[in-house]
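> Got a sequence here, can you build the structure:
(one chain, ligands or ions: 1)
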Amino acid sequence: MDGNGRWARRRFMPRFFGHKQGVDALVRTVQACADRGVEYLTVFAFSSENWKRPSEEVSGLMGLVLVAVSKYLAKLASQGVRIRIVGDRAQVSDKLREAWEQAESTTAHNTRITLCVAFNYGGRWDIVQACRRAMQDRVAPESLDEATLSRYMALSFAPDPDLFIRTGGEVRISNFLLWQVAYSELVFTDCLWPEFGEAQIDAAFAEYTRRDRRFGGVKPRSAEALQAP
Ligand code: FPP
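Numbering: from 1, shown residues only. Modelled structure (predicted):
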């Protein structure tokens, strides 16, 4: 969800204003994805590296999440959204941990769409914590394969993403879902996150349908191609 700061600065507003608008963009996006039949949506809300930001921005973001949970939880729950938080919870405040637990337990039985919020998350953190937990379970090195390690990843309950969208114009993955995006289609847009919505989602989906997914194999030859001399 990149571009909140720039969006606000362009309006001569503090960066926090951009994050606030970012929450509205998130709620809008969840709704639009649910309407389009998306079953899993994972958003990068706070990275393991975001602690390096000025302390007032970090505390502002933490406070914003608490406000967002109290403002939108009932609405999302009534729309059939299941919320799951992925990331290292040890470092966040008790208040925030309780808010996450409340969001997860209130929506646990919903089935329309699962919103995974990556918070204090990093793709490398996830791989390391998965290896640690596998070692704690005494998984033998010779029996550790991709399927086994996948079961220890923070997003083990979700399928790998078909589509990865990054807003804000940067063309990099920035430590998001490193394990899971192995075969995802990547779409980069200059749209700043607070402006993201239905039009950008439809454009990304249209781009996705033009892609040729082979997962490392070869494209099956069409009947027409087979008939050609
Ligand atoms: C990146 O934009 C955005 C973030 C680091 C924060 C995103 C968080 C939210 C939208 C709030 C999430 C709330 C809930 C309830 C999950 P940036 O600040 O890096 O923007 P810039 O690249 O323009 O500076």
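> Residues in a beta bridge with F44, which ones?
A118 (DSSP bridges).
> and the gap between it and the ligand?
Distance, F44 to the ligand, by Cβ to the nearest ligand atom, to the nearest Å: 7 Å. The C-beta positions use only the backbone N, C-alpha and C, and glycine is treated the same way.
> Now do the buried residues in the longest helix along the chain.
Longest helix of the chain, by residue count under DSSP state H: helix 55-78. For helix 55-78, the neighbour count (16 or more other Cβ atoms under 10 Å) marks G60, L61, M62, L64, V65, A68, V69, Y72, L73, L76, A77 as buried.
> List the contacts of the second one.
Applying Cβ atoms under 8 Å, 6 or more residues apart in numbering, one finds that L61 lies in contact with H19, F46, N50.
> Neighbour-wise, give me the winner out of those residues.
H19 (23 neighbours; other Cβ atoms under 10 Å).
> And the helices in this protein, which stretches?
4-9, 15-35, 55-78, 94-107, 123-136, 146-150, 198-210, 223-227.
> re the thing from before, among the buried residues of helix 55-78, which are within reach of the ligand?
For the ligand, the contacts drawn from the buried residues of helix 55-78 by Cβ under 6 Å from any ligand atom are L61, L64, V65, A68.
> List, one by one, the residues from the chain near the ligand.
1-6, 15, 19, 22-23, 26, 45, 50, 61, 64-65, 68, 117, 168.
> so where's the chain uncertain?
For the chain, the stretches flagged by pLDDT under 70 are 220-229.
> at 80 what do you get?
Within the chain, the set of residues satisfying pLDDT under 80 comprises 219-229.
> mind checking how far R214 is from the ligand?
Counting by Cβ to the nearest ligand atom, the gap from R214 to the ligand is 32 Å.
> and what of F164?
16 Å.
> try N175
12 Å.
> Could you save the contacts of L61 as CSV and add columns showing distance to R10?
CSV is the format used below for the contacts of L61 (distance: Cβ to Cβ, whole Å):
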residue, distance to R10
H19, 14
F46, 23
N50, 21
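> what's the closest of those residues to W100?
In terms of Cβ to Cβ, no member of the contacts of L61 lies closer to W100 than F46, at 11.7 Å.
> Please list all residues in contact with the residue nearest to that closest one when sequence neighbours are not counted.
Closest residue in space to F46, ignoring its immediate chain neighbours: F119 at 4.7 Å, by Cβ to Cβ, 6 or more residues apart in numbering. Each residue near F119 by Cβ under 8 Å, 6+ apart is listed here: A45, F46, V65, I85, V86, G87, V92, W100.
> what's near enough to touch the third one?
Contact partners of V65, counting by Cβ under 8 Å, 6+ apart, are A45, L96, A99, F119.
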